[in-house]
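**Student:** Just to be clear, the model below is a prediction. Sequence and coordinates:
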Amino acid sequence: MNILVVESNSVKDTHKLARHVLKQLPGPQVLALHGDLGSGKTCFVQGLALALGVDRPVTSPTFTLVHEYPGLRPLVHVDLYRLRDSLDALMLGLEEYFDAAGITAIEWAERAEDIFPPRTIHIFFETLAVSHARRITIKSLIKLSQ
């Protein structure tokens, strides 16, 4: 397992990290995003969307559960906050997105991580004591450069 730890001090830093990670993912990929409310998960997905040329606003799909965006590669943004567990995620059809072309970014991933494919990249977001600062830890089978 490869681990990359980065500190972000702004939205711009988080978007830059998302773009950097995306450049290292040549094919379809599932990104499991972990972290408390306001820890930067949606901000990271917005950075992915910018890098993919998505021309629509990206917001958390808390109520709709899934948003799909066309871009240079398709982006699927999933939010499991309102689900209880992996059984709910299976009923949603989440596993159908695992083999989809493009990037599938899943917020509140801990609610269903037992059904994710082994190649899933897990990204953990933590707020730090300094305002707007975040620690972002990426765990992946793929070695990502910093």
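**Tutor:** Cool, the structure landed.
**Student:** contacts and neighbour counts: CA atoms only from here.
**Tutor:** OK.
**Student:** Show me what the residue nearest the centre of the chain is bridged to.
**Tutor:** Closest residue to the average C-alpha location of the chain: Ala105 at 3.7 Å, with C-alpha atoms, centre = their mean. On the basis of DSSP bridges, Ala105 is bridged to Leu31, His77.
**Student:** for it, what are its contacts?
**Tutor:** Val30, Leu31, Ala32, Leu33, Val45, Leu75, Val76, His77, Val78 (C-alpha atoms under 8 Å, 6 or more residues apart in numbering).
**Student:** Quick check: the last one touching Arg111?
**Tutor:** This points to Val78. No - contact criterion C-alpha atoms under 8 Å: Val78 and Arg111 do not qualify, at 11.9 Å.
**Student:** Of the two, give the one with the bigger neighbour count.
**Tutor:** Taking other C-alpha atoms under 10 Å, Val78 and Arg111 do not tie; Val78 has more neighbours (24 against 20).
**Student:** looking only at pLDDT, what's the mean for the biggest helix by length in the chain?
**Tutor:** As assigned by DSSP state H, the longest helix anywhere in the chain is helix 11-23. Averaged across helix 11-23, pLDDT comes to 96.
**Student:** what's the answer for stretch 126-143, then?
**Tutor:** For stretch 126-143, mean pLDDT is 92.
**Student:** for it, which positions count as buried?
**Tutor:** Neighbour counts over stretch 126-143 (16 or more other C-alpha atoms under 10 Å) mark Glu126, Thr127, Ala133, Arg134, Arg135, Ile136, Thr137, Ile138, Lys139, Ser140 as buried.
**Student:** hmm, who's touching the longest helix of the chain?
**Tutor:** Under C-alpha under 8 Å, 6+ apart, the answer for helix 11-23 is Ser8, Gly40, Cys43, Phe44, Val45, Gln46, Gly47, Leu48, Leu50, Ala51, His132, Leu144.
**Student:** Thank you kindly, that will do.
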